[in-house]
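using only what follows, build the 3D model:
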Amino acid sequence: MGHELTSVGGFPTWYDLMPQGTDQGHWAYSASHALRDFFQQVEVRELWLPGFYCPDTVHFLSQFFSVHRYAADHPGQPGIPAMAQPGHGIVFYPPLGQTAGCRLPALAEMQARRLHSVLDLVHDLHAAPYWHAQGWNTVVSFRKFYPVPCGAQLLSAQLPPNAEQLCNANQAATELNAAWLALLQPRTAGYAQFKQHEAQVHQADAALPTWLPKLISCLNGAEFQARRQAAYGWLDQQLGHLNQFFDATGCARACAGAPIAYPFYRAGLDSPRLRQRLAAEGIFIPHFWPGMDHPEGPSAWHDCLLLPTGPLLSTPQLERLKAQLLPLIHSFTEDSP
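Numbers count the residues shown, from 1 in each chain. Got it, this is the predicted structure:
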């Protein structure tokens, strides 16, 4: 694994993966904004969100809807809240964003109960076309997958495409587009120039930047996905013999999508302290769901480390992560081998 990316042209992009007639979708600044736009469009007032969910999104949506939280028996088996009423909205979020092995409620049941539902796939972008073709409303986040600062799409027949209103590219947007593509190349010293262009565009467009749909249309989606899968596989090969996450949660070890992270868990692991130690070494391990209102499932879901699988990671960087992590795992667990 290196970190050189294929130059633009001749590869499948996000648009190539989309089914006929849904290549636009509804664009928004973030997945939170896209969810707001959808539920406002269908006139939802009461909204159900999973307990195992992003607290920032919960806070944002609470400004527009009366938000309720629901807990599932297991994050991989989300069910319809018993108290959900006709006309309510509901968001389903598969564990770690991966739909493989996740048992979702039947669409027919939700339609019979007149519920407006969205499947949140912000951590598994390339699964969205399949689930949308099955009849689901789906939301994806491009900044979780590509090296872009913002951008999301919600795919639904109930929310009209809006890309034509966004793609009025101007000179500043064109320059910013070029700066982003330059940043994807190794050893590029163009970050300051990019930030300058970004500031110019954002001054004129406080919402979704007009250049983003065009940029997404020329990024190599297949290669980004393959690189995330390769990083996930490398980490599993190196750390899998110590990892108890899959046995503890029943989740499939293999990842069919574009994994946002490699989940690592070991009984007795002091995850907060370990994150602090790694941060001191310049290695950031995110905690996607801090302070959840309704904890669900076994402790592995809350105590796991979500190790990075970013498409720009090189093998030496992954080896450095392993070299820093292994001694800490052995010293921070009660039963280290």
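
what's the mean pLDDT across stretch 108-118?
The predicted model gives stretch 108-118 an average pLDDT of 90.

what are the buried residues along it?
Residues of stretch 108-118 classed as buried: 110, 113, 115-118 (neighbour count, 16 or more other C-beta atoms under 10 Å). Yep, even glycine has a C-beta here, placed from its N, CA and C like the rest.

quick one: which two of those are the most distant?
Comparing all pairs in these by C-beta to C-beta, the longest separation belongs to 113 and 118, at 15.2 Å.

can you tell me the helix or strand for residue 317?
Using DSSP states H and E, the element containing residue 317 is helix 315-332.

end to end, how far does stretch 86-93 reach?
Using C-alpha to C-alpha, to the nearest Å, the end-to-end distance of stretch 86-93 comes out at 20 Å.

quick one: low-confidence ranges for this structure?
Applying pLDDT under 70 to the chain flags the ranges 1-24, 72-78, 95-102, 163-209, 256-257, 288-298, 333-337.

helices of that one, start to end?
Counting by DSSP state H, one finds helices in the chain at the ranges 14-17, 31-41, 55-61, 107-112, 128-133, 163-166, 171-183, 191-204, 212-216, 221-239, 245-249, 271-280, 300-303, 315-332.

in a markdown table, list the ones you listed along with distance to residue 83.
Shown next, in a markdown table, are the helices of the chain (distance: least, C-beta to C-beta, whole Å):
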| stretch | distance to residue 83 |
| --- | --- |
| helix 14-17 | 37 |
| helix 31-41 | 18 |
| helix 55-61 | 18 |
| helix 107-112 | 14 |
| helix 128-133 | 25 |
| helix 163-166 | 37 |
| helix 171-183 | 45 |
| helix 191-204 | 41 |
| helix 212-216 | 38 |
| helix 221-239 | 37 |
| helix 245-249 | 27 |
| helix 271-280 | 33 |
| helix 300-303 | 23 |
| helix 315-332 | 41 |
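
not counting its own residues, what contacts stretch 236-248?
251-253, 262-267, 298-300, 304, 307, 318, 322, 325-326, 329, 337 (C-beta atoms under 8 Å, 6 or more residues apart in numbering).

rerun at 6 Å
With C-beta atoms under 6 Å, 6 or more residues apart in numbering as the test, stretch 236-248 has contacts from 253, 263-266, 298, 300, 304, 322.

next: stretch 132-149.
For stretch 132-149, the external contacting residues (C-beta under 6 Å, 6+ apart) are 19, 31, 34, 107, 118-123, 125, 128, 131, 150-156, 216, 219.

the residues you listed, buried ones only, as a PyMOL selection?
The PyMOL selection below is limited to those of those classed as buried (16+ other C-beta under 10 Å):
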select buried, resi 31+34+118+119+120+121+122+123+125+128+131+150+151+152+153+154+155+156+216+219
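
among the contacts of stretch 132-149, which ones are in strands?
Among the contacts of stretch 132-149, the members falling in strands are 118-120, 152-155 (criterion: DSSP state E).

break this protein into its domains for me.
Listed domain ranges for the chain are 14-162, 169-209, 222-332 (source: automatic domain parsing).

deepest of the ones you listed, which one?
domain 14-162 (a mean of 19; mean count of other C-beta atoms under 10 Å).

follow-up on the earlier one: what's the closest of the ones in strands among the contacts of stretch 132-149 to residue 87?
residue 118 (14.8 Å).

now do that closest one against residue 153, distance only.
Distance of residue 118 to residue 153, computed by C-beta to C-beta, to the nearest Å: 12 Å.

cool, and residue 219?
Taken as C-beta to C-beta, the span from residue 219 to residue 153 is 14 Å.

show me what residue 152 is bridged to.
Going by DSSP bridges, residue 152 is paired in beta bridges with residue 28, residue 141.

tell me if I'm right that residue 127 and residue 121 touch.
Yes - if you go by C-beta atoms under 6 Å, residue 127 and residue 121 touch, sitting 5.4 Å apart.
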